[in-house]
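**Student:** compute the structure for the input listed below.
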Amino acid sequence: MSRKRTFRNLSLDLFEFSEPDLSTISTPRSQKSRGGYYTPDSVVAALTSWAIRRRTDRLLDPACGDGRFIATHRPSVGIEDEPSAAREAMSRAPWALVHKGDFFSWAANTKERFQCAAGNPPFIRYQTFSGSVRETALTLCSRLGADFSGLTSSWAPFLVATAHLLMPGGRMAFVVPAEIGHAPYSAPLIEYLLSRFEKVHVVPVAERIFPQISEDCWLLYADGFGGRSTAIHLSALDRFEFAPGPPAAAQFVGADEWRNEWNRRLRPFLMASPSREAYQRLTKEPASFRLRTIARVGIGYVTGANDFFHLRPSQAEQRDIGSEFLLPSVRNGRALPEEALTEALVAAWRKGDEPVLLLRLPREGGLPVAVRRYLESDAGRKASASYKCRNRTPWYSVPDVNVPDYFLSYMSSSKPNLVQNLAQCSCTNSIHAVRLRRRSDGSLLRQGWRGPLAELSCEIEGHPLGGGMLKLEPGEAGNIVLHRGLLTPDDSAAVHLGVRDLRRWRHIAT
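**Tutor:** Model prediction:
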């Protein structure tokens, strides 16, 4: 059965959905402009079957790309701002109405309304989701009651703007990044959905829907626009398989529990309930404490020109730069040992002529001729023109240089690494700098970090990136829960099970 025939069958008889012939499904096309991959045909067929109930329903795809979703149903409207993709959508679905241009501008002004919506909104990170498009999107969402921060990615405002175009009782079904389970900017979206739909259903999928990229994707279904929800339906799947309707909800996540117990994150619900219950109970015990209560977690310094400001010992000697202007430093987490950075290891770096000496110059006062000569070299003139350097005074004085008590890895494949700084080194912003509030708490920190509760807390407080990496922002690191004693065998088993579950979802074997 050809793909074209499959789509026509879907549009002509919406009550006889069948799984499409997977042998006819083509490989997804090249990467979509500004953030996305075209959706596999089996996922398109499933999501449209979830959203569409009658052949007369009007379907909206707010970022229709090459027209895969609107090709499944004749009364369809698609929006696409990439001209070549819009032309392809018109060719694939000649019966559909395709608007070329920015979706948010169109959504803010259109009077059209729809019974359903489906699609795969572009995943554009906040760094490039900018300018007038971003301003229009955030202004529209704020007017609708969803206030996003400046760090939001584009897909979340896409869904808010789409939802408000639905008729009462309307439905929508979308591919969404797995970030819906943990990103702070996803919380305003979920709050908006809970306040506008009778049912909000999130479907995490462990096996990658787009195997050619490292980003994980989940599915989102919302039904009954104009109503309200007090719980989130959650159905975790090992792999996606076509089904004509959303899977049965395996869990009902109360909105208050999601807000108050789990800091508006759904990812903890990928663990078994004994793990969640043990974690919540242990965090409230007197023997448990947050990392921020005994230490401050911050980022290291930013030079603006690492190759210029980090010298090899041979370079420093050749240029006659004195040791009073040089501070041993850790440039990235790969250089760190497991437990302690010792003077012996730094000596080995020096012996290997590694670029580990930070040029640390004062903001005021005179500088030796040798240092001035280095600053005025070709490399110095190039460094001074870099963005960070030219926006500080003087350009050559690196700010925020300090010597922390511990280093904490920013990203890791398993558990983040906490390393004691016995060598009195500094670090760049690729590593977190941990400073004890009281020197006497060092042993307490080391003891708590070795415990299984800290390992699970890193998984819960941190957030997964593509490729199985776990990332910890300073605020997230400060929230890590440590335990000063031994856990009971039952609690230890539940905690280890939670670690295993969450690592499996970021494709890390334990």
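
**Student:** residues touching stretch 240-258, excluding its own?
**Tutor:** Stretch 240-258 has contacts (CB atoms under 8 Å, 6 or more residues apart in numbering) with 17-20, 42-43, 45-46, 49-50, 173, 190, 194, 201, 203, 205, 207, 209, 219, 221, 229-237, 264-266, 269. Backbone N, C-alpha and C define where each C-beta goes, glycine included.

**Student:** likewise for stretch 88-106?
**Tutor:** Counting by CB under 8 Å, 6+ apart, 62-68, 70-71, 74, 76-81, 83, 86, 133, 136-137, 140, 157-158, 161 sit against stretch 88-106.

**Student:** which ones among those residues map onto strands?
**Tutor:** 76, 77, 78, 79, 80 (DSSP state E).

**Student:** which one of the residues you listed is nearest residue 119?
**Tutor:** residue 78 (8.3 Å; CB to CB).

**Student:** residues in contact with the nearest residue to the closest one once chain neighbours are set aside?
**Tutor:** Leaving aside its chain neighbours, residue 78 sits nearest to residue 64 (2.9 Å; criterion: CB to CB, 6 or more residues apart in numbering). The contact partners of residue 64, by CB under 8 Å, 6+ apart, come to 70, 78, 79, 80, 85, 86, 89, 98, 119.

**Student:** grab the most central residue of the chain for me.
**Tutor:** Centre of the chain computed as the mean C-alpha position; nearest residue by CA atoms, centre = their mean is residue 179, 5.0 Å away.

**Student:** just checking, that one is part of a strand?
**Tutor:** No - applying DSSP: H, G, I helix; E, B strand; the rest coil, one finds residue 179 to be helix, outside a strand.

**Student:** pretty sure it contacts residue 189?
**Tutor:** No - Residue 179 lies out of contact with residue 189 (CB atoms under 8 Å); the separation is 10.3 Å.

**Student:** what's the average pLDDT for the lengthiest helix in the chain?
**Tutor:** Longest helix in the chain, counting residues (DSSP state H): helix 489-505. Throughout helix 489-505, pLDDT has a mean value of 96.

**Student:** re earlier: can you pick the most crowded of the ones in strands among the contacts of stretch 88-106?
**Tutor:** residue 78 (30 neighbours; other CB atoms under 10 Å).

**Student:** that residue pairs with what?
**Tutor:** residue 61, residue 98 (DSSP bridges).

**Student:** that one: what's it in contact with?
**Tutor:** 60, 61, 64, 67, 69, 70, 89, 93, 96, 97, 98, 99.

**Student:** wait, isn't the second one in contact with residue 119?
**Tutor:** If I follow you right, that is residue 61. Yes - contact criterion CB under 8 Å: residue 61 and residue 119 qualify, at 4.0 Å.

**Student:** more neighbours, these two?
**Tutor:** Per other CB under 10 Å, whichever of residue 61 and residue 119 has more neighbours is residue 61, with 33 against 30.

**Student:** how much space between the more buried one and residue 413?
**Tutor:** When distance is defined by CB to CB, to the nearest Å, residue 61 is 37 Å away from residue 413.

**Student:** break the protein down into its domains, please.
**Tutor:** Per automatic domain parsing, the structural domains of the chain span 3-26+36-270, 271-294+437-510, 301-403+424-429.

**Student:** could you say which of these is packed most deeply?
**Tutor:** Mean neighbour count, computed with mean count of other CB atoms under 10 Å, is highest for domain 3-26+36-270 among these, reaching a mean of 19.

**Student:** shared neighbours, residue 61 and residue 119?
**Tutor:** Once CB under 8 Å, 6+ apart is applied, the residues that residue 61 and residue 119 both contact turn out to be residue 69.

**Student:** quick one on the thing from earlier: just flag the most distant two among the contacts of residue 78.
**Tutor:** The span of the contacts of residue 78, defined through CB to CB, is set by 69 and 99 at 14.4 Å.

**Student:** what residue of the chain is the furthest out?
**Tutor:** Ranked by distance from the centre of the chain (CA atoms, centre = their mean), the top residue is residue 369, with 47.5 Å.

**Student:** what about that one, distance to residue 324?
**Tutor:** 15 Å.

**Student:** what about stretch 142-162, how long is it end to end?
**Tutor:** Start-to-end span of stretch 142-162 (CA to CA, to the nearest Å) is 14 Å.

**Student:** just give me how far that stretch sits from the chain centre.
**Tutor:** Taking the mean of its C-alpha atoms, stretch 142-162 sits 16 Å from the chain's own mean (CA atoms, centre = their mean, to the nearest Å).

**Student:** can you check stretch 476-493 too?
**Tutor:** Worked out by CA atoms, centre = their mean, stretch 476-493 lies 25 Å from the chain centre.

**Student:** in what helix or strand does residue 149 lie?
**Tutor:** Under the criterion DSSP states H and E, no helix or strand holds residue 149.

**Student:** run through the residues that contact the residue nearest to it when sequence neighbours are not counted.
**Tutor:** Closest residue in space to residue 149, ignoring its immediate chain neighbours: residue 185 at 5.9 Å, by CB to CB, 6+ apart. Applying CB under 8 Å, 6+ apart to residue 185 gives the contacts 148, 149, 151, 152, 153, 156.

**Student:** any chance of JSON lines for the residues you listed, columns pLDDT and distance to residue 351?
**Tutor:** Below are the contacts of residue 185 laid out as JSON lines (pLDDT from 0 to 100; distance: CB to CB, whole Å):
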{"residue": "148", "pLDDT": "93", "distance to residue 351": "51"}
{"residue": "149", "pLDDT": "88", "distance to residue 351": "47"}
{"residue": "151", "pLDDT": "82", "distance to residue 351": "43"}
{"residue": "152", "pLDDT": "89", "distance to residue 351": "48"}
{"residue": "153", "pLDDT": "89", "distance to residue 351": "45"}
{"residue": "156", "pLDDT": "94", "distance to residue 351": "51"}
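
**Student:** out of those residues, which is nearest to residue 408?
**Tutor:** residue 151 (21.5 Å).

**Student:** pLDDT wise, what is residue 36 at?
**Tutor:** pLDDT, residue 36: 48.

**Student:** so residue 129 versus residue 154, what's the distance?
**Tutor:** From residue 129 to residue 154 the distance is 4 Å (CB to CB).

**Student:** overlap in contacts of these two?
**Tutor:** By CB under 8 Å, 6+ apart, the residues touching both residue 129 and residue 154 are residue 137.

**Student:** wait, doesn't residue 192 sit right on residue 148?
**Tutor:** No - at 9.8 Å, residue 192 does not count as touching residue 148 under the criterion of CB under 8 Å.

**Student:** now list whatever residues contact both of these two.
**Tutor:** Residues touching both residue 192 and residue 148 (CB under 8 Å, 6+ apart): none.

**Student:** helices of the stretch 301-450 of the chain, start to end?
**Tutor:** Ranges of helices in the stretch 301-450 of the chain, per DSSP state H, counting those that start in this stretch, are 306-309, 313-318, 343-351, 369-375, 378-384, 387-390, 442-450.

**Student:** what helices and strands are in contact with the third one?
**Tutor:** Right, helix 343-351. strand 326-330 (3 or more CB pairs under 8 Å, 6 or more residues apart in numbering; DSSP states H and E).

**Student:** so residue 329 touches residue 354, yeah?
**Tutor:** No - contact criterion CB under 8 Å: residue 329 and residue 354 do not qualify, at 10.5 Å.

**Student:** what is the nearest of the contacts of residue 64 to residue 339?
**Tutor:** Once CB to CB is applied, the member of the contacts of residue 64 that ends up nearest residue 339 is residue 119, at 48.8 Å.

**Student:** was I right about that closest one contacting residue 66?
**Tutor:** No - counting by CB under 8 Å, residue 119 stays clear of residue 66, with 11.7 Å between them.
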